[in-house]
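Peer 1: Whatever this is, show me its structure:
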Amino acid sequence: MSEERRTLEQRLRTVESRAWLVGAFSLAASAVGAWMRPAAFFPGYLFAYMFWLSLSLGSLAVLMIHYLVGGGWGFMTRRILEAATRVLPVLALLFLPLLFGLKELYPWARPEALREEHLSHQRPYTNLGFFLARAVFYFSSWILCSWLLNRWSSAGDEARNPALWARRYRLSGGGLVLYAVTIFFASVDWVLSTEPRWSSTIFGMLFMSGQGLAGFALITGVAVLMSREEPLRRVVTPDRLQDLGNLLLTSVMLWAYISFSQYLVIWSENLPREVTWVAHRTTPGWRQVALALIVLHFAVPFFLLLFRDVKRRGPWIAAIAFGLLAMHLVDEFWRVIPAFEPDRLAVRWTYLTAPVGIGGVWVAVFSRSLRRRPLLPLNDPVFHPLLSEARPHG
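Peer 2: Down below sits the predicted model:
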């Protein structure tokens, strides 16, 4: 094992151990909050869970896009994407606490829902058995796609086999369709149904665009952080950073377009049943959060990513990427919490411990997965010229 590889593994082990410690402490604090005040704990856990789930699902979608369209940017970040997708089984376990808070989160799960005409009409869809069955299907499909792609990628490291790339190509085509369908229904089940009197046909697209943006931001930031280590030092070049910057710019524009489209439709129709969703998120306090999203989640990164020099400099593009991840967390907060705090912006301590706790577990599993495989794919039949670049010279 080279000295550079050994040093990197030591750093990842350090990150992993510290992440476990922070995650365990924060989850314990969240558990105390769940015991003291469940009504404050479960909304915070939900928004935190949706954020960290979006990093793994966004990485899965970006990984499948890479297998369909190719590109050197995907070759140098494939191990990062794969490591993020391998957190999905752990996220499936972390979903279980939400099942204890269904009555706190979803009006349709409360006994009085049977007496409300609007909610009673939704009973064929919004009932506990069907809700659980759909959740099992969502996680099964995501984990299966991730497992197959990771398995074939690992097999490709052992021997150069073009047939494995063909398998990944075929799976990615159907997998993206399955991803789109499952994300649409999962977003309705887990977030939209916190306000079941409101409906939106573009809500699933909001989640897909946000997850794609999160996936590209994650691999950009992590690739820059690890670009000082071999062999990434040889392939994380200004040209490929520019490719990632262009993909980030496209993702920012797509997220902004879909977000504005939903607002425009609601504003133009001006129906009371639809306006309430926007009204809850533009009350004093929440209005400032919405403005911050417009400025920091769209305007500022959009402006900066227009410049070629910015996209070609590692520290700049990494700062933009991690800034977008931070604003994506705020976006999930703004999307979920006003359903429970519609009159004013409230920041409870469980809203802070939940994302840190789940995040600690996510980072620990991600770091462990990342250090267990070579940082670049071996014997790749498509990007073998880049492999020669990555090998030490002399």
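Peer 1: switch to C-alpha atoms for all contacts and neighbour counts from now on
Peer 2: Will do.
Peer 1: residues contacting the residue lying closest to R312 once chain neighbours are set aside?
Peer 2: With C-alpha to C-alpha, 6 or more residues apart in numbering as the criterion, R312 has its nearest non-adjacent residue at 4.5 Å, and that residue is P238. Remark: with contacts taken as C-alpha atoms under 8 Å, 6 or more residues apart in numbering, P238 is in contact with K311, R312, R313, G314.
Peer 1: gap between the second one and A279?
Peer 2: In this case it means R312. Distance of R312 to A279, given as C-alpha to C-alpha, to the nearest Å: 41 Å.
Peer 1: Settle it for me: which of the two has more neighbours?
Peer 2: Neighbours per residue, other C-alpha atoms under 10 Å: of R312 and A279, the larger number sits with R312, 19 against 15.
Peer 1: D239 is in contact with that one, correct?
Peer 2: Yes: using C-alpha atoms under 8 Å, R312 is in contact with D239, at 6.7 Å.
Peer 1: mind listing what's buried in the longest helix anywhere in the chain?
Peer 2: For the chain, the helix that runs over the most residues, judged by DSSP state H, is helix 3-36. For helix 3-36, the neighbour count (16 or more other C-alpha atoms under 10 Å) marks 5, 8-9, 12-13, 15-17, 19-20, 22-27, 29-31, 33-34 as buried.
Peer 1: which secondary structure elements does that helix contact?
Peer 2: Counting contacts by 3 or more C-alpha pairs under 8 Å, 6 or more residues apart in numbering; DSSP states H and E, helix 3-36 is packed against helix 38-69, helix 350-371.
Peer 1: Find the nearest non-adjacent residue to A155, please.
Peer 2: Closest residue to A155 apart from its sequence neighbours, by C-alpha to C-alpha, 6+ apart: L164 at 8.0 Å.
Peer 1: now the helix or strand hosting the one you found against helix 38-69, angle please.
Peer 2: Using DSSP states H and E, L164 sits in helix 162-190. With axes from the mean of the first three to the mean of the last three C-alpha atoms, to 10 degrees applied, the angle from helix 162-190 to helix 38-69 works out at 150 degrees.
Peer 1: what about helix 162-190, average pLDDT?
Peer 2: Helix 162-190 carries an average pLDDT of 92.
Peer 1: likewise stretch 95-103?
Peer 2: Average pLDDT, stretch 95-103: 94.
Peer 1: now stretch 42-57
Peer 2: The model assigns stretch 42-57 a mean pLDDT of 96.
Peer 1: In CSV, please show the C-alpha coordinates belonging to it.
Peer 2: Presented in CSV, the C-alpha positions along stretch 42-57 are these (Å, rounded to 0.1, in the frame of the first residue of the first chain):
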residue,chain,number,x,y,z
PHE,A,42,-40.8,14.3,14.6
PRO,A,43,-41.1,17.3,12.3
GLY,A,44,-37.4,18.0,12.9
TYR,A,45,-36.5,14.4,12.3
LEU,A,46,-38.5,14.3,9.1
PHE,A,47,-36.9,17.3,7.5
ALA,A,48,-33.4,16.1,8.6
TYR,A,49,-34.1,12.6,7.2
MET,A,50,-35.3,14.0,3.9
PHE,A,51,-32.1,16.0,3.5
TRP,A,52,-29.7,13.1,4.1
LEU,A,53,-31.8,10.8,2.1
SER,A,54,-31.6,13.3,-0.8
LEU,A,55,-27.7,13.0,-0.8
SER,A,56,-27.8,9.2,-1.3
LEU,A,57,-30.7,9.2,-3.8
